[in-house]
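Peer 1: below are the sequence and a predicted model for it; my questions follow.
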Amino acid sequence: METIRRLRRLSDQVPILAISGGGRGSAGDYLMVARALGATRTMNKPFKLRELATMVEELLEEATLKSGSAQPDTYY
């Protein structure tokens with residue numbers, strides 16, 4: 001959660017993907033808080049590697065469109 005806070009202090013343009021982990025609370029609570037702190041998207045475990053890759057691709061494309069500066073394939 002601290003990482004999300006710090007990133008958001010630096011920029012609201014950085015895409016943040018929060019993934020549920022083995023914390024004390026429920027994954028839903030953790031992800032809800034992550035969203036409130038500024039996570040762009042959230043994912044519950046377990047997920048397939050392809051789902052993660054797709055999510056990352058979408059986030060990078062959205063960030064590219066917002067900035068208007070780089071082509072999406074610049075990140076690969």
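Peer 2: That came through fine. Numbers count the residues shown, from 1 in each chain.

Peer 1: mind listing the helices for this protein?
Peer 2: 2-10, 27-37, 49-67 (DSSP state H).

Peer 1: closest to residue 18 out of those?
Peer 2: helix 27-37 (3.6 Å; C-beta to C-beta). Glycine gets a C-beta too; all of them are placed from N, C-alpha and C.

Peer 1: just how off-centre is that closest one within its chain?
Peer 2: 12 Å (C-alpha atoms, centre = their mean, to the nearest Å).

Peer 1: quick one: buried residues of that helix?
Peer 2: 27, 30-31, 34, 37 (16 or more other C-beta atoms under 10 Å).

Peer 1: ok, these vs residue 15, which is closest?
Peer 2: The closest of those, once distances to residue 15 are taken by C-beta to C-beta, is residue 34, at 12.9 Å.

Peer 1: surely the closest one and residue 17 touch.
Peer 2: No - with contacts counted by C-beta atoms under 8 Å, residue 34 stays clear of residue 17, the gap being 9.3 Å.

Peer 1: got any residues that touch both of those two?
Peer 2: Counting by C-beta atoms under 8 Å, 6 or more residues apart in numbering, the common neighbours of residue 34 and residue 17 are residue 42.

Peer 1: report the two of the buried residues of helix 27-37 separated the most.
Peer 2: 27 and 37 (15.6 Å).

Peer 1: list the contacts of the closest residue to residue 56 other than its chain neighbours.
Peer 2: Counting by C-beta to C-beta, 6 or more residues apart in numbering, residue 56 lies nearest to residue 17, which is 6.8 Å off, once chain neighbours are set aside. Contact partners of residue 17, counting by C-beta under 8 Å, 6+ apart, are 39-43, 55-56, 59.
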